[in-house]
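>>> Got a sequence here, can you build the structure:
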Amino acid sequence: MVATVEAKTRDTRNWNFGTRVNPLPLHEFIARKSTSFQFFDGPEPWVRDHDRVTWENFFRFCTEEMDDLSISTCGMVIAYCLSIIEQTASEIKRPVTRAKIQDALAARYEEAYENPIFQYRWAMRHPIVVEAVNTAVRNLCDRD
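Below is the predicted model of the structure:
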């Protein structure tokens, strides 16, 4: 299963989900979390042939309850959230800080299902997604 998560989260290879001293790739972060968090472990017919989350298919993965993310799909949702952060950070004057990222996200927020910032906030209700994204952003801003 870790190999599947690793393959589906390759877009996160520049992100650190550990500490500065002990960096972690996303698949290892999720593997460690799976020892204490119960991921969804049933069939996922809604995923079908999707290998990543996009704004068009976001709600196939993220339901109202956010309780049916498997290890693999959780990694894909985290990768999607980080792509939104990357896009947002690319539009911010240097240095990029957590406060600037949050301000930019707030400025682009609109309560509409097709808005990636709305989807980002929706996904951040999941405890593993929020921890992974916050850790990665903290590490990004601390290294700059």
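
>>> Mind telling me what element the residue positioned nearest the centre of the chain is part of?
Centrality entry for the chain: nearest residue to the mean C-alpha point is residue 78, 1.6 Å, by CA atoms, centre = their mean. According to DSSP states H and E, residue 78 maps onto helix 71-90.

>>> Now the element after that helix, going C-ward?
Heading C-terminal from helix 71-90 (DSSP H and E), you reach helix 98-107.

>>> can I have that next one written out in CSV, keeping just the CAs?
This file holds the C-alpha atoms of helix 98-107, laid out as CSV (Å, rounded to 0.1, in the frame of the first residue of the first chain):
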residue,chain,number,x,y,z
ARG,A,98,2.4,31.6,6.7
ALA,A,99,0.5,34.9,7.3
LYS,A,100,0.9,36.0,3.7
ILE,A,101,-0.3,32.6,2.5
GLN,A,102,-3.4,32.8,4.8
ASP,A,103,-4.1,36.3,3.7
ALA,A,104,-3.9,35.4,0.0
LEU,A,105,-6.2,32.4,0.6
ALA,A,106,-8.7,34.5,2.4
ALA,A,107,-8.7,37.1,-0.4
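
>>> From the chain's centroid, how far away is the following helix or strand past it?
Remark: after helix 98-107, the chain's next helix or strand is helix 116-123, criterion DSSP H and E. Taking the mean of its C-alpha atoms, helix 116-123 sits 10 Å from the chain's own mean (CA atoms, centre = their mean, to the nearest Å).
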